[in-house]
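Enquirer: Pasting a predicted model and its sequence here:
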Amino acid sequence: QLHLVESGGGLVQPGGALTLSCVYSGSTLDYKIIGWHRQAPGKEREGVGCVVTADESQYYIDSVKGRFTISRDNAKTTVSLQMNSLQPEDTAVYYCAVETSGRPIAAFMAGAADYWGQGTQVSVSS
C-alpha cells in the first residue's frame, strides 16, 4: 500500500509559478513510474508528466513541455511538480499517481495507475 498526499495548490495569475509536492509513504516503495495527472472542469483526467524510476527518464505532454518540471528528493519520498508560465488552461485539480505493476508509460499517462493522491486545486486567473 502507498499513501500519497499532495500540497501546494492555489490561485496564481497568468504567467505565474507554483510548485506542487507529493509526499508518499507506505509498505510498497518499489514503484515503476511516478507522476502527475490533472483534471480540468468538464474534462477528462489527463497525464501531465512522469518519471520512470529505472532510469529517471521523464515524459511530459506537449502543452507543458518547457514549463513544467518533475523532480524527486534524494530520499525518494517526495516528488514535486514545478510549474512555470502558468496559463488559465492549466487550471485543474492535480493528482500525484504511482504505478507499481510495470505498465507502459503510455498507459500511465492515459490514467492507469495503482495509487492516487486526493488532488490539489490549481487555479490560474487574473
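Expert: Happy to help now that I have it. Numbering: from 1, shown residues only.
Enquirer: need the helices for the protein, in chain order.
Expert: For the chain, the helices defined by DSSP state H cover 105-109.
Enquirer: quick one: low-confidence ranges for it?
Expert: In the predicted model, the chain carries pLDDT under 70 at residues 27-29.
Enquirer: residues of stretch 1-16 that come out buried?
Expert: Neighbour counts over stretch 1-16 (16 or more other C-beta atoms under 10 Å) mark 2, 4, 6, 8-9, 12 as buried. Using the backbone N, CA and C atoms, a C-beta is placed for each residue, glycine as well.
Enquirer: Among those residues, name the ones in strands.
Expert: Per DSSP state E, strands hold the following members of the buried residues of stretch 1-16: 2, 4, 6, 12.
Enquirer: Can you lay out the residues you listed as a markdown table showing distance to residue 118?
Expert: Converted to a markdown table, these look like this (distance: C-beta to C-beta, whole Å):
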| residue | distance to residue 118 |
| --- | --- |
| 2 | 13 |
| 4 | 8 |
| 6 | 7 |
| 12 | 20 |
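Enquirer: okay, the buried residues of stretch 1-16 in a markdown table with distance to residue 88 next?
Expert: Converted to a markdown table, the buried residues of stretch 1-16 look like this (distance: C-beta to C-beta, whole Å):
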| residue | distance to residue 88 |
| --- | --- |
| 2 | 32 |
| 4 | 27 |
| 6 | 21 |
| 8 | 19 |
| 9 | 15 |
| 12 | 10 |
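Enquirer: Now do stretch 95-110: distance from first to last residue.
Expert: 13 Å (C-alpha to C-alpha, to the nearest Å).
Enquirer: contacts for that stretch?
Expert: With contacts defined as C-beta atoms under 8 Å, 6 or more residues apart in numbering, stretch 95-110 is touched by 2, 4, 6, 20, 22, 24, 28, 30-39, 45-47, 50, 52, 59, 61, 79, 112-119.
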